[in-house]
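A.B. asks: how would this look folded up:
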Amino acid sequence: MNILVTGANGQLGNEMRIMARQSNDTYFFTDVSQQDGVETLFLDITDLQAIRETVTTNGIDAIVNCAAYTNVDAAESNEALAEKLNATAPENLAIAMKEAGGLLIQISTDYVFGKEPYNVPCKEEQQGTPTGIYGLTKLYGEQKIIATGCKHVIIRTAWLYSEFGKNFCKTMMNLTATKPQLKVVFDQCGTPTYALDLAKAIVQVLADYSKEAEADNYSKTGVYHYSNEGVCSWYDFTKIIAEYNGTTDCDVQPCHSNEFPSPVTRPSYSVLDKTKIKVAFGIRIPYWTESLKECIANLKKQ
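C.D. replies: Below is the predicted model:
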């Protein structure tokens, strides 16, 4: 298959590059920015005609959309841009895939939940209750994709980290190594997700889809959840980062989220139920500490 990856220079996009090296499929990596050492095609996914031309020219069978406006706080004052990137752009990709008869894999977020005080893992069919513009525009994106009628797999994920770019794991590795004391919120719970694990799951979805690629419909079209297994708070996450990083001299203390004022209320509990994706695609999901240990080991080698 010919597979197009958007947002290729972000965390997940870079992990997809790693997966592509061991694949028999042909990958095309696109972004609006360049990255040293890797080939990246320029593609503005807010431009429907440009997407159509790229899909037609390269005979694209599937798109993996890793691009998004992900600055949760800044989205509150940049609603138009957030909606353009998180809702309109995915709709453009869906239209292009509908016309080409291909599959769109869209990466969404646990932030589509949050307003209701959940205390059990969120399921796919649960009503979205976003607390801010970021979650709201990502939910719009899901709805727009579904409305096009294209073959799609929407994967909601959470707390993404990797060896690439800026993320919580790398930030806390640095802070626990350089600060004598840190305060980290303990009243927001979810599950960290190693971007490489998510990339592996996406590749399994693509392999499954290849069996039905010629069909008018894909039997597993729908919304799915993927994060690593388990649950923790940001405080717990930081404590284990420090342990694996060997920076336990830093005194990490739990605190309430209201000690860090923000323009948006973040979900207090956004653990995702992953039963559906495990059953549908036979995916084994690693426990979050196993994957964190692997990522930190890779970072320490760099």
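A.B. asks: and Glu83, how close does it get to Thr6?
C.D. replies: 17 Å (CB to CB, to the nearest Å). Yep, even glycine has a C-beta here, placed from its N, CA and C like the rest.
A.B. asks: neighbour count: those two, which is higher?
C.D. replies: Thr6 (27 against 19; other CB atoms under 10 Å).
A.B. asks: pretty sure that one sits against Asn65.
C.D. replies: Yes - with contact defined as CB atoms under 8 Å, Thr6 counts as touching Asn65 (5.0 Å).
A.B. asks: now the end-to-end length of stretch 44-51.
C.D. replies: With CA to CA, to the nearest Å as the measure, stretch 44-51 spans 8 Å from end to end.
A.B. asks: just stretch 191-200 next, same as before
C.D. replies: Calculated as CA to CA, the first-to-last residue distance of stretch 191-200 is 17 Å.
A.B. asks: what's in contact with that stretch?
C.D. replies: 11-12, 14-16, 18-19, 107, 155, 157-162, 164, 168-169, 226-232, 237, 271-272, 285-286, 288, 291-292, 294-295 (CB atoms under 8 Å, 6 or more residues apart in numbering).
A.B. asks: those, buried ones only, as a PyMOL selection?
C.D. replies: The PyMOL selection below is limited to those of the contacts of stretch 191-200 classed as buried (16 or more other CB atoms under 10 Å):
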select buried, resi 11+12+14+15+16+19+107+155+157+158+159+160+161+162+164+168+169+226+227+228+229+230+231+232+237+271+272+285+286+288+291+292+294+295
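A.B. asks: mind checking which of the contacts of stretch 191-200 land in strands?
C.D. replies: The strands, defined by DSSP state E, take in Ile107, Ile155, Thr157, Leu160, Tyr161, Cys232 from the contacts of stretch 191-200.
A.B. asks: ok, the residues you listed vs Thr176, which is closest?
C.D. replies: Tyr161 (14.6 Å; CB to CB).
A.B. asks: give me the beta-bridge partners of that closest one?
C.D. replies: Using DSSP bridges, the bridge partners assigned to Tyr161 are Tyr194.
A.B. asks: ok, it - contacts?
C.D. replies: Tyr161 sits in contact with Gln11, Asn167, Phe168, Cys169, Lys170, Pro192, Thr193, Tyr194, Ala195, Leu292, Cys295, where contact means CB under 8 Å, 6+ apart.
A.B. asks: distance to Thr57 for those residues - can I get that in a markdown table?
C.D. replies: Converted to a markdown table, these look like this (distance: CB to CB, whole Å):
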| residue | distance to Thr57 |
| --- | --- |
| Gln11 | 27 |
| Asn167 | 34 |
| Phe168 | 38 |
| Cys169 | 38 |
| Lys170 | 37 |
| Pro192 | 38 |
| Thr193 | 33 |
| Tyr194 | 34 |
| Ala195 | 29 |
| Leu292 | 40 |
| Cys295 | 36 |
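A.B. asks: ok, so of the residues you listed, who is nearest Ser257?
C.D. replies: Nearest to Ser257 among the contacts of Tyr161, with distances taken as CB to CB, is Phe168, at 14.5 Å.
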